[in-house]
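Novice: sequence and predicted structure below; questions after.
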Amino acid sequence: MSRKSSLREELERRVADSAKSPDNSGSSAVTRVLLLPADAIDQPVGFVRLLATYGLSLRKGREVLEMLATGHPAIVDLKTSRPSAVLSDLAKLGVLGAEFSVPEVDVKKVREEQQLSQSDFAKWYGLEVDTVRNWEQGRYEPDGPAKVLLNVINHEPDAIRRALIRQLLTKRAHHGTADRLQQKIAALLRPGQAVDGIEPHVPPPDGYVWVLQRREHTD
């Protein structure tokens, strides 16, 4: 038996033996918690054991441990009616966490701040205009994925537009219009975004700057 396998079995045995919590054994409440990466978790067995007491499987607990140890955040659903107690227990083991939920977004406010009509807002972000209208009038609430998208739209609209527009830089226009097309598209990129080696010969629009890449000349 390999050392890695034996350590894993020992971890599972120790966690299974102690993963009992009277406080949470009958709890049906679920709290979604965001766990932040940790440089080092001094008590990995204790950490997995703690997650197990709040309803997480041993396998999932190990996966979460590995994610945090390699610098990645993790989101877990824990069975508890006392979220503050869970967060306190995690902090004692050197793991910082917070209750997690996707914030609500005022769709009309976001759209108007971008000075877009309902139709244009829907076109930019791949939505149906009727959906946007129903959200704004309160007929329907955005579901989970829609809330995530709306939060990104609210905080990083330029990033979304750059991602959608940048693909056009690789397309070739017909009849000698490629350079002009690429310059027009590049003008839409915010300061700090490279223009993929394009060197425009026209000034950028107000509020934008060209970011040029140095080219090495060879004889």
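Specialist: Received the coordinates, thanks. Numbering: from 1, shown residues only.

Novice: quick one: the strands in the chain?
Specialist: 30-35, 74-79, 97-99 (DSSP state E).

Novice: so which bits of the first one are buried?
Specialist: Of the residues in strand 30-35, those with enough neighbours to count as buried (16 or more other Cβ atoms under 10 Å) are 31, 33, 35. For every residue, glycine as well, the C-beta is placed using N, CA and C.

Novice: let me see the domain layout of this structure.
Specialist: Per automatic domain parsing, the domain ranges recorded for the chain read 3-99, 107-155.

Novice: can you put the ones you listed in TSV and add mean pLDDT and distance to R162?
Specialist: TSV is the format used below for those (pLDDT from 0 to 100; distance: least, Cβ to Cβ, whole Å):
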stretch	mean pLDDT	distance to R162
domain 3-99	82	24
domain 107-155	94	12
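
Novice: and these as TSV, adding distance to A163?
Specialist: Shown next, in TSV, are those (distance: least, Cβ to Cβ, whole Å):
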stretch	distance to A163
domain 3-99	22
domain 107-155	10
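
Novice: helices of this structure, residue ranges please.
Specialist: Here the chain has its helices, by DSSP state H, at 3-18, 44-53, 58-69, 83-92, 107-113, 118-124, 129-136, 144-155, 157-166, 178-186.

Novice: which ones are touching V86?
Specialist: Contact analysis of V86 by Cβ atoms under 8 Å, 6 or more residues apart in numbering lists 31, 33, 54, 78, 80, 97.

Novice: so which of the strands of the chain gets nearest D158?
Specialist: strand 30-35 (25.4 Å; Cβ to Cβ).

Novice: for the closest one, packing partners?
Specialist: Where contact means 3 or more Cβ pairs under 8 Å, 6 or more residues apart in numbering; DSSP states H and E, strand 30-35 is packed against strand 74-79, helix 83-92, strand 97-99.

Novice: deepest in the core, which of these is it.
Specialist: Stretch with highest mean neighbour count among the helices and strands packed on strand 30-35: strand 74-79 (a mean of 17; mean count of other Cβ atoms under 10 Å).

Novice: which other helices and strands does it contact?
Specialist: strand 30-35, helix 58-69.

Novice: and that strand with helix 44-53, angle?
Specialist: Angle of strand 74-79 versus helix 44-53, following axes from the mean of the first three to the mean of the last three Cα atoms, to 10 degrees, is 50 degrees.

Novice: strands paired with strand 74-79, and their directions?
Specialist: strand 30-35 (antiparallel) (DSSP bridges).

Novice: if we can go back for a sec, include distance to R111 when you put the helices and strands packed on strand 74-79 into TSV, please.
Specialist: Below are the helices and strands packed on strand 74-79 laid out as TSV (distance: least, Cβ to Cβ, whole Å):
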stretch	distance to R111
strand 30-35	28
helix 58-69	36
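
Novice: between the ones you listed, which one is closest to S88.
Specialist: S88 sits nearest to strand 30-35 of all the helices and strands packed on strand 74-79, at 12.1 Å, using Cβ to Cβ.
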